[in-house]
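*Asks:* what's the 3D shape of this:
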Amino acid sequence: MNRLLGFFLVYFLTYNYVYAVALDAESPKTIKANKIEYNVKTKSIATSGKTEITNVAGQKLTLTGSKITDNAQTISGQNIELWLGPRVYVKSSDITRDSDITIANNAVFTACNDCDKMGNAWSVRASSIKHDNKRHELYFTNPVVWIYDTAPVFWFPYYEMPDPSVKHRSGFLTPDLQSTNNMGTRINLPLYIALSDTHDFTTTLSYLTKENPLFQFEHRLNISHGEFKTSGSYTHNKEGKDRWGIFHDDVIELGDYARASVFIERVSDKTYLQKYGFDMYKPYLDSGAKLEVFGQSGYAVADAHVFQTLKSGRYSISGDILPNVHGIYQTDPFFNETYALFTGDVLGVSGDNTSMQRVVGDARIVSPWTLWGGNRLTLSADVRYDLYNFNKTDMIDGSVFSGIKTRFLPSGYIEWGLPLYKPSDNWTHIIEPRARLTIMRKLDNEVFMENNDSAGTFLSDEVLFSDNRFSGYDLWENGTFADYGMQWSAFNTNNNVSVFLGQSYDITERADTDPLSGFHNGMSDFVGRIEYNTTQWFDIKTRFRLSQQDLSLHHIESNARIGTSHNYINVGHMWTQQLEDLYAQTQDIHELIAGFGVQMTDRLSARFNAIYNVASNSFQRHYGGLFYDHPCFYLALTYKHDNAVKGDYVGDTTFQFKFGITIDGQKY
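*Replies:* Numbering: from 1, shown residues only. Sure thing, here's the model as predicted:
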């Protein structure tokens, strides 16, 4: 409450506005009055009648009569109106300044002039305000906040605070209140400590009605070439367990071509962040360091990562990466548009009492050509070499191996496309058949070890025509395969539509593949994409995968938005068939995402979003709220419900109320 009132009052007599407009040592630029007299002896100006004083910044002060001494060291007048912006002004019965002390009596401040037919949405009145320029302090006597000039809502007999020329000052910040199912009522009491203009610290004591207190801190330091930030929290809960979290992020600029960073993310257990409301959906935490070097045609990065998984099961993160060094360099064109690309990687992975180090080198030449009739042809040749050093690593054949293994993979591709255009008065049509033949060395095993850094592959329209259809480093494509497809698109002034359908064909026999991937020996499943949008009110995108045997649907994901930026409906859908093998099916992944926005009046709107798990017939989470945007203030009443259940965390509901003011379009 004090901080809110303080903001109103600070803006009333800001150092950068009021003091600069009429009270600064800077002389006025222009003075208009019924009568102006200049005293040569005292070097002062006196005006009578309605007076208008404008400073060099263009801000205006109107008053009845005034006295201005030499260099504006003393200014006085009555019925003052000080205009700081189109809707921002200060009124005072009289204002005087003597040396470092400025006093405004019976003053009113508002940033809502003529923004509402009912009157000023808010204003601040005070019997007097004193500004001490030497101490940079503001002293308020009887400050009152009014709503629409009819209802006083806040009053204090006396209030003092630093003026806006003081960027930072230590003290307690406004407490905030939160209510949730799991933790009960939570009151946060923050204390701010300013060490300098670029160095500060905040510590917060959180009282919880259903748990022991929680302690939080945040440290910030900015220097000319770096930023440093550390935050953390700790509690000793009612079960006698120590629970904590630490997050640290440093970024240091090492000149124009290099940058270093250090990052730490660590918590005591998997449910701590969710339980105490810090981060509900983070799947893993990443700690490490990074060094980046930039060049005109190249880039190199060396980084290290230590992971902490917050999930369990098939898709949990395990293992650490120490180190990872990656570099890339692209040459200027040799001829036509032909260029060479060189990449190199040094990677170390450790975990579960095993480790391995890997060196990867890759060199590629790419030569694109445009031939007769609009035919586009791209030729590429590539060589890649891997060197592995294993330490007690589980291999595919069931053995445990320590030692060195190598792989060599030469490859190349030729890609063809022929865009065919058909313009007309209403629509322009483009049909483009596209094909790519990739030739690679056939390996007996595309991966050495049992546990690798690759999550496999998932066939989609984005995977076709790519250099590597697998994620990660360990899994390699094998042998010769072809990608082919057809895209049709059409557009006019207000509409765009495109349809793509494609497939991959493995010419050589491929290794065993996850039946969920969509790849098979010979022809893969069919993949496609459909997109349509208007420039005004409708947009839909969908991706799908069809069985190559009977065209049955295996995967589909869609998203559609209907409406304008204020009134809209957004619907998303994802369904994936889950297979243990080609014939046994498990529970499908089936989710529905829906949301809407309604502008009920010029200022009042409602928004809602939800994720619904159709397979389990339950909401995963949903959230929404009412929002009121006034030219001078804003209100928001929101809620959020999460149905996640993990360890000692059970789905939570949170309610929140926000209020702030708007001055010249800027929200505070």
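*Asks:* CA atoms for contacts and neighbours, from now on please.
*Replies:* OK.
*Asks:* where does the stretch 501-650 of the chain have low pLDDT?
*Replies:* The stretch 501-650 of the chain contains residues with pLDDT under 70 at 511-515, 579-587.
*Asks:* in it, which spans are strands?
*Replies:* 522-534, 538-546, 553-563, 568-579, 585-599, 604-613, 618-629, 633-642, 645-646, 649-650 (DSSP state E, counting those that start in this stretch).
*Asks:* out of these, which comes closest to residue 129?
*Replies:* strand 633-642 (24.1 Å; CA to CA).
*Asks:* quick one: residues in contact with stretch 643-654.
*Replies:* 178-182, 271, 274-275, 619-621, 639-642 (CA atoms under 8 Å, 6 or more residues apart in numbering).
*Asks:* report pLDDT for residue 73.
*Replies:* Residue 73 is assigned 55 on the pLDDT scale.
*Asks:* ok, back up a step: filter the contacts of stretch 643-654 to the buried ones?
*Replies:* Among these, those classed as buried by 16 or more other CA atoms under 10 Å are 179-180, 182, 271, 274-275, 619-621, 639-642.
*Asks:* now these as CSV including distance to residue 241?
*Replies:* CSV is the format used below for those (distance: CA to CA, whole Å):
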residue, distance to residue 241
179, 23
180, 21
182, 17
271, 13
274, 16
275, 14
619, 31
620, 29
621, 29
639, 30
640, 28
641, 27
642, 25
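*Asks:* nearest to residue 36, of those residues?
*Replies:* Looking across those and measuring by CA to CA, the closest to residue 36 is residue 639, at 61.1 Å.
*Asks:* measure the residue nearest to that closest one when sequence neighbours are not counted to residue 627 for me?
*Replies:* Closest residue to residue 639 apart from its sequence neighbours, by CA to CA, 6 or more residues apart in numbering: residue 655 at 4.4 Å. Separation of residue 655 from residue 627 (CA to CA, to the nearest Å): 14 Å.
*Asks:* quickly list what's touching both of those two.
*Replies:* Joint contacts of residue 655 and residue 627 (CA under 8 Å, 6+ apart) are residue 637.
*Asks:* on that earlier part again, of the buried ones among the contacts of stretch 643-654, closest to residue 308?
*Replies:* residue 271 (12.1 Å).
*Asks:* which residue ranges make up each domain of the chain?
*Replies:* 2-166, 167-318, 565-577+586-668 (automatic domain parsing).
*Asks:* out of those domains, nearest to residue 382?
*Replies:* Of the domains of the chain, nearest to residue 382 by CA to CA is domain 167-318, at 18.5 Å.
*Asks:* what mean pLDDT does the closest one have?
*Replies:* Domain 167-318 comes out at a mean pLDDT of 86.
*Asks:* swap in stretch 354-374?
*Replies:* pLDDT averaged over stretch 354-374 gives 90.
*Asks:* got the contact list for that stretch?
*Replies:* 336-350, 376-393, 418-419.
*Asks:* rerun that using 7 Å as the cut-off
*Replies:* 337-350, 376-393, 418-419 (CA atoms under 7 Å, 6 or more residues apart in numbering).
*Asks:* name only those of those residues that count as buried.
*Replies:* Among those, the ones that count as buried by 16+ other CA under 10 Å are 338-350, 376-384, 386-391, 393, 418-419.
*Asks:* was I right to think residue 141 contacts residue 156?
*Replies:* No. Taking contacts as CA atoms under 7 Å, residue 141 lies outside contact range of residue 156: 8.0 Å.
*Asks:* neighbour count: these two, which is higher?
*Replies:* residue 141 (18 against 14; other CA atoms under 10 Å).
*Asks:* can you give me the pLDDT of the closest residue to that one other than its chain neighbours?
*Replies:* Nearest residue to residue 141, sequence neighbours excluded (CA to CA, 6+ apart): residue 158, at 4.8 Å. Note on residue 158: pLDDT of 82.
*Asks:* what does the one 5 residues further on give?
*Replies:* Residue 163 is assigned a predicted lDDT (pLDDT) of 61.
*Asks:* could you do residue 14 as well?
*Replies:* In this prediction residue 14 is given a pLDDT of 35.
*Asks:* now the strands for the stretch 151-300 of the chain?
*Replies:* Under DSSP E, counting those that start in this stretch, the stretch 151-300 of the chain gives strands at 151-155, 158-162, 171-172, 176-180, 184-196, 199-208, 214-223, 226-236, 242-253, 258-267, 284-294, 298-309.
*Asks:* what is the orientation angle of the fourth one with strand 184-196?
*Replies:* Orientation of strand 176-180 against strand 184-196 (axes from the mean of the first three to the mean of the last three CA atoms, to 10 degrees) gives an angle of 150 degrees.
*Asks:* quick one: work out the angle between strand 176-180 and strand 633-642.
*Replies:* Using the same axes, to 10 degrees: strand 176-180 against strand 633-642 is 30 degrees.
*Asks:* ok, strand 176-180: who's next to it in the sheet?
*Replies:* Applying DSSP bridges, strand 176-180 is found paired with strand 184-196 (antiparallel), strand 653-663 (antiparallel).
*Asks:* please state the offset of the last one from the chain centre?
*Replies:* Between the centre of strand 653-663 and the centre of its host chain there is 20 Å, according to CA atoms, centre = their mean, to the nearest Å.
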